[in-house]
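One predicted model, sequence on top.
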Amino acid sequence: MKKFYLFCWLMLAAAVLRAQDGIHVSLMGAPQNTWIFNRQPLDTARTNFDYEITWGFAGMLELGYNFGPPFGLRTGAIYSSQGQRFTSNDSTGRSIATRRQLTYLKIPLLLHFNSDPGPVMFTLEVGPQIGLLLNSEVSDDGTPVIFPFDADQLYQVNDISFAWSIGAAFALTKGVQFVIQHRGDYSLFDVENKSFTFQGQTIYDINRDRALNCTLGIMAGFDFSFVPGRGNRGYKWWIR
């Protein structure tokens with residue numbers, strides 16, 4: 001299934017490069033504040049759940065084109081390390097610090113809006129995003145929790161979310177911009193695999209609420225833009 005999604009994304013990217021003027025290629029990275037919204041410990045015997053501030057990171061390769069000022073379309077690939085730290089008490093009252101670590105390959109498909117090109121250009125991007133789960137880990141007090149099954153089975157293979165970015169692009173040279181933006185996403189569906197069973201037993205409590213991912217980052221990097229030259233015999237760099 002992951003290979004299928006990657007194939008579809010590559011076909012879309014190839015179509016963009018073949019058919020559209022105003023091609024954009026961006027390379028960016030971000031520290032990000034990450035959450036899994038569900039105020040219930042993984043172990044139903046534990047109590048007094050409390051969130052802790054959790055940090056992760058993301059790196060992005062973005063491809064895009066503009067239909068014409070001020071609209072465009074953006075896609076790409078984002079490697080995202082995220083999750084949630086929280087504390088809870090075991091049956092003896094001891095506080096335990098737990099970390100749920102998730103790694104996704106995210107593929108957004110966003111509408112792009114920008115202000116008039118100039119030394120500074122403001123941008124807005126919104127749209128759907130699919131996250132492909134690459135890896136998951138759980139640790140208690142810094143010690144990995146070893147499950148008798150693959151921990152990835154605790155989560156859905158795909159995380160469908162709403163994504164957005166708000167930022168600004170600063171012209172450095174002709175065709176090169178420095179970009180800084182707030183970028184975030186929020187899950188639309190439960191990211192936990194509530195239907196997963198092991199040896200005939202359900203892993204999650206039947207009354208457990210949905211768990212929703214959220215990331216909030218400050219992303220920075222560089223955008224390179226170019227359009228076909230006259231007669232389609234070459235390309236020239238172009239600020240858009």
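Received the coordinates, thanks.

where exactly do the strands run in the chain?
23-37, 47-52, 55-68, 71-89, 95-114, 120-140, 143-144, 158-173, 176-187, 197-198, 201-202, 212-228, 235-237 (DSSP state E).

What's opposite residue 218 in the beta bridge?
Per DSSP bridges, the residues bridged to residue 218 are residue 182.

Do I have it right that it meets residue 31?
Yes - taking contacts as CB atoms under 8 Å, residue 218 lies within contact range of residue 31: 6.6 Å. No exception for glycine: its C-beta is placed from N, CA and C like everyone else's.

ok, back up a step: quick one: closest of the strands of the chain to residue 150.
strand 120-140 (8.8 Å; CB to CB).

Columns mean pLDDT on top of the strands of the chain, output as a markdown table?
A markdown table is the format used below for the strands of the chain (pLDDT from 0 to 100):
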| stretch | mean pLDDT |
| --- | --- |
| strand 23-37 | 95 |
| strand 47-52 | 96 |
| strand 55-68 | 91 |
| strand 71-89 | 96 |
| strand 95-114 | 97 |
| strand 120-140 | 97 |
| strand 143-144 | 96 |
| strand 158-173 | 96 |
| strand 176-187 | 97 |
| strand 197-198 | 94 |
| strand 201-202 | 91 |
| strand 212-228 | 90 |
| strand 235-237 | 39 |
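
Need the ones you listed in TSV (columns: mean neighbour count and distance to residue 150).
Listed next are those as TSV, based on neighbours: other CB atoms under 10 Å; distance: least, CB to CB, whole Å:
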stretch	mean neighbour count	distance to residue 150
strand 23-37	19	19
strand 47-52	12	25
strand 55-68	18	22
strand 71-89	20	17
strand 95-114	19	14
strand 120-140	17	9
strand 143-144	10	14
strand 158-173	17	16
strand 176-187	19	21
strand 197-198	12	10
strand 201-202	9	16
strand 212-228	19	19
strand 235-237	12	46
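
Format these as JSON lines; extra columns: distance to residue 152.
Below are the strands of the chain laid out as JSON lines (distance: least, CB to CB, whole Å):
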{"stretch": "strand 23-37", "distance to residue 152": "15"}
{"stretch": "strand 47-52", "distance to residue 152": "23"}
{"stretch": "strand 55-68", "distance to residue 152": "17"}
{"stretch": "strand 71-89", "distance to residue 152": "13"}
{"stretch": "strand 95-114", "distance to residue 152": "9"}
{"stretch": "strand 120-140", "distance to residue 152": "5"}
{"stretch": "strand 143-144", "distance to residue 152": "14"}
{"stretch": "strand 158-173", "distance to residue 152": "12"}
{"stretch": "strand 176-187", "distance to residue 152": "17"}
{"stretch": "strand 197-198", "distance to residue 152": "13"}
{"stretch": "strand 201-202", "distance to residue 152": "17"}
{"stretch": "strand 212-228", "distance to residue 152": "15"}
{"stretch": "strand 235-237", "distance to residue 152": "42"}
